[in-house]
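> All I have is the shape, not the residue letters:
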């Protein structure tokens, strides 16, 4: 097996590690304020928060600007979540990049735990965490229906809202694919990077809460054949990873 690319998990001797939090947002006015608050309330706060507005037509801009100088607001025409995430990566100045979907919430110790892991294990390229779903009040019947199912338990999938990675990762493995389906862009990107030698780690603790509401795509995954294909690919990768671990 070829040696994986050089990793950048250790802090640079000259430039101390810092995190840029990128929040892609499209018509996210009902939830984006809570997402921003969860980033601001980190025990290890990000150096900067970049909200990339992907052509919203609601009050997203008003909510974001109410936070004043505590964050930066970037606007682009509606190009999709992958383009918004890439815009954020290009604008970010931190040594590490984290993403937070506008309807999700970080738990307070999320960034601190991940930065500690990346410093302790310099071989890691992509650091994810577990997350847990929660339903908005108007979906209480759906929440009851899924009690005890996999949707109500901690999940270890590779979610963008749990990712922390050195910014150089994007120079080695490329940016997110902007063409095609948009609801699985982070999983496609992570799988592509892993197949090229990226070392992936998942902290086995819930450090993000994913909101399920009528407007997001997560609730329709059960009907999505493309998603099942990605899950199978992810499963096969994990099986191969266990059988042929990377040499350290």
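Arrived safely, thanks for sending. Not measured: the values here are computed from a predicted model. Numbering: from 1, shown residues only.

> and the spatially most central residue of the chain, what is it in contact with?
To find the centre residue of the chain, average its C-alpha atoms and take the closest one (C-alpha atoms, centre = their mean): that gives residue 160, at 1.9 Å. For residue 160, the contacting residues are 85, 99, 101, 185-186, taking C-beta atoms under 8 Å, 6 or more residues apart in numbering as the criterion. The way it works is simple: take the backbone N, C-alpha and C, and place the C-beta from them, glycine included.

> Helices - which of the residues you listed land there?
Secondary structure defined by DSSP state H assigns 85, 185-186 of the contacts of residue 160 to helices.

> Are any of those residues buried, and if so which?
Buried residues within the ones in helices among the contacts of residue 160, defined by neighbour count using 16 or more other C-beta atoms under 10 Å: 85, 185-186.

> Tell me where the model's unsure across the protein.
Counting by pLDDT under 70, the chain contains low-confidence ranges at 1-14, 140, 143, 149, 151-152, 181-182, 216-248.

> all helices of it, in order?
In the chain, the segments counted as helices under DSSP H are 32-40, 60-65, 81-91, 110-120, 140-145, 168-173, 185-195, 225-243.

> Pipe the ones you listed into JSON lines and attach distance to residue 17 per row.
Compiled in JSON lines, the helices of the chain are given as follows (distance: least, C-beta to C-beta, whole Å):
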{"stretch": "helix 32-40", "distance to residue 17": "17"}
{"stretch": "helix 60-65", "distance to residue 17": "26"}
{"stretch": "helix 81-91", "distance to residue 17": "17"}
{"stretch": "helix 110-120", "distance to residue 17": "6"}
{"stretch": "helix 140-145", "distance to residue 17": "38"}
{"stretch": "helix 168-173", "distance to residue 17": "12"}
{"stretch": "helix 185-195", "distance to residue 17": "20"}
{"stretch": "helix 225-243", "distance to residue 17": "26"}
